[in-house]
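> this one's sequence-less:
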Ligand code: HEM
Ligand code: SF4
């Protein structure tokens, strides 16, 4: 699974951290940072859930 | 000459609820039969009401729909909200790039992890309030004793309001939200609080502490990115946006749990994952911000097969999206074990609630603590005697008298 992040669109809502805490974190300023890139296979469902939840459509899964 | 069908008068929005726990039946009918359709609102205009989950998310994620109250066609929630948004312009009513510039100054304060560090503070506040509530003669109004003070005390601590001023702060933010108080009293409370926050910002400039306002002063005002006046506006937005919403989730959420004793028992049990899921489910089912997110189209955009033209208003009805059976199985049921609950109770798109990690933390601590402290907690009056907030921007209960079993 490949994940791309359009960081400049991030509004720091943190939905990704709730949905996939092993894959996403937020930096000091609240912007998303990947913890595991590419994410481990067992996180695929969580990553998809994060992509769906992200209000600013920052996360795309390919 | 052309003959046109007479256009039927659109239904008035918001509609009246039949049941205090469900959105109006007419909203459901529109979602089924005409998911993007015109409604009439208080000012006589006819914006589009968007009722399906997918369409609501599409609208809110598309910045061609503006949050600026001054844009042509913007369907304001009420004359009062319109006046407030114009008078104290904050980023909730701005579009990008201004919105993003302001919001980004605050998102570091509301990250999931940072908010988690506030847990001891919220727990302490909850304990303090429940201790006080326990000493009161029954029945006790849960709204007054617990639901309203909790979010205001927490925001006080975050902003860095000195403890000695908490009572003042509490009293005036209560008055600000009190509908029975009349326009003069509300204006007075508004002026008092703004004046207070302006002094507080000045105090933080002289003597910074370890709090949100001091950090704004140090990192944003001193660098010239933000004026002191803007900082006051931000603090005020945090206060207003977080107070009534969280308070009503506590009030109406507790009442809802009490009507589902089995699920309440699980919440009382306190397993963190169960409690977190229960909070999401209550947010979805109750959708206390219940009369839609308001936007104005700045370009022609097609939504759900309907062409919305530049200059027309759009109401993205979250209360309807959160009950859409295409997205949520048995949408009208409370099911604290629901999976994949991507509700829109906090909105969607760039304006999605900034304070949501804090709101979640407060609710996740408040419900189990309350249920644990008061065995046999119950409403002291029948449901039809409870005053619901139908006419308010944030739905919930005005008061909720409760009783509980006392140890013998
Ligand atoms: C359960 C409680 C809450 C609910 C249901 C709620 C709901 C919402 C909703 C629906 C929006 C979107 C507005 C729009 O799209 O126009 C919003 C925005 C916002 N909320 Fe909350 N909120 C809650 C608690 C809080 C708290 C505790 C805070 C802060 C202390 C807060 C601060 C904000 C701010 C600053 C915005 C504007 C964000 C922006 O425009 O970028 N909210 N909230
Ligand atoms: S959910 Fe989206 S907007 Fe929110 S922090 Fe994650 S990437 Fe950023």
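Thanks, I have it. This structure is a prediction, so every number in the text was calculated from the model and none was measured. Ligands and ions are numbered 1, 2, ... in the order given.
> now residue A:51: how far from residue B:293?
22 Å (CB to CB, to the nearest Å). Quick note: C-beta positions are derived from backbone N, CA and C, even for glycine.
> which one of the two has more residues nearby?
With neighbours defined as other CB atoms under 10 Å in any protein chain shown, residue A:51 and residue B:293 compare such that residue B:293 has more, 24 against 18.
> separation between the more buried one and ligand 1?
Going from residue B:293 to ligand 1 by CB to the nearest ligand atom, to the nearest Å gives 4 Å.
> show me where the chain has its strands.
Assuming you mean chain A. Using DSSP state E, the strands of chain A run over residues A:3-5, A:24-26, A:32-34, A:59-61.
> let me rephrase: I mean chain B.
Counting by DSSP E, the strands of chain B are B:36-38, B:48-50, B:65-66, B:140-141, B:293-297, B:301-303, B:306-308, B:313-316, B:378-379, B:401-403.
> hey, which of those is tucked in deepest?
Ranked by mean neighbour count, the strands of chain B are led by strand B:48-50 with a mean of 29 (mean count of other CB atoms under 10 Å in any protein chain shown).
> excluding its backbone neighbours, what's nearest residue 17?
Just going to use chain A. residue B:112 (4.3 Å; CB to CB, 6 or more residues apart in numbering or on different chains).
> switch to chain B, please.
For residue B:17, ignoring the flanking residues on the chain, the nearest one in space by CB to CB, 6+ apart is residue B:24 at 5.1 Å.
> tell me the pLDDT at the one you found?
Looking at residue B:24, its pLDDT stands at 97.
> that one: neighbour count?
Residues near residue B:24, counting by other CB under 10 Å: 20.
> identify whichever of the strands of chain A lies nearest to ligand 2.
strand A:32-34 (3.7 Å; CB to the nearest ligand atom).
> give me the helices and strands touching that closest one, please.
Under the contact criterion of 3 or more CB pairs under 8 Å, 6 or more residues apart in numbering or on different chains; DSSP states H and E, strand A:32-34 touches strand A:3-5, strand A:24-26.
> you'd agree residue B:59 is up against residue B:49?
No - with contact defined as CB atoms under 8 Å, residue B:59 and residue B:49 do not form a contacting pair (10.7 Å).
> dump the residue contacts of the residue nearest to residue A:17.
Residues counted as contacts of residue B:112 (CB atoms under 8 Å, 6 or more residues apart in numbering or on different chains) are A:14, A:17-18, A:26, B:357.
> swap in residue B:247?
B:143, B:147-148, B:150-151, B:396.
> make it 6 Å
Neighbour list for residue B:247: B:147-148, B:151 [criterion: CB atoms under 6 Å, 6 or more residues apart in numbering or on different chains].
> ok, now residue B:10?
Counted by CB under 6 Å, 6+ apart, residue B:10 has contacts B:38-40, B:46.
> out of these, which are buried?
Buried subset of the contacts of residue B:10 (neighbour count, 16 or more other CB atoms under 10 Å in any protein chain shown): B:38-39, B:46.
> okay, residue A:52: pLDDT?
Looking at residue A:52, its pLDDT stands at 94.
> who's residue A:3 bridged to?
The partner list for residue A:3 in beta bridges (DSSP bridges) reads residue A:61.
> list the contacts for the spatially most central residue of chain B?
For chain B, residue B:245 is the residue whose C-alpha lies nearest the centre (CA atoms, centre = their mean; 3.3 Å). Contact partners of residue B:245, counting by CB under 6 Å, 6+ apart, are residue B:394.
> can we see that at 7 Å?
Going by CB atoms under 7 Å, 6 or more residues apart in numbering or on different chains, residue B:245 touches B:288-289, B:359, B:394.
> and the furthest pair within those residues?
Pairwise distances across those (CB to CB) peak at 12.3 Å, for the pair B:359 and B:394.
> hang on, isn't residue B:364 packed against residue B:273?
No - Residue B:364 lies out of contact with residue B:273 (CB atoms under 7 Å); the separation is 10.5 Å.
> who has more neighbours out of these two?
residue B:364 (20 against 8).
> so who does the more buried one touch?
Taking CB under 7 Å, 6+ apart, one finds B:275-276, B:279 in contact with residue B:364.
> now, of the residues you listed, which are buried?
Neighbour counting with 16+ other CB under 10 Å marks B:275, B:279 as buried within the contacts of residue B:364.
> list just the nearest of the contacts of residue B:364 to chain A.
Ranked by distance to chain A (CB to the nearest CB), those are led by residue B:276 at 8.6 Å.
> so what's the closest one closest to, chain neighbours aside?
According to CB to CB, 6+ apart, the nearest residue to residue B:276 is residue B:364 (5.9 Å).
> repeat that for residue B:132.
residue B:145 (7.1 Å).
> against residue B:137, how distant is the one you found?
In terms of CB to CB, residue B:145 sits 11 Å off from residue B:137.
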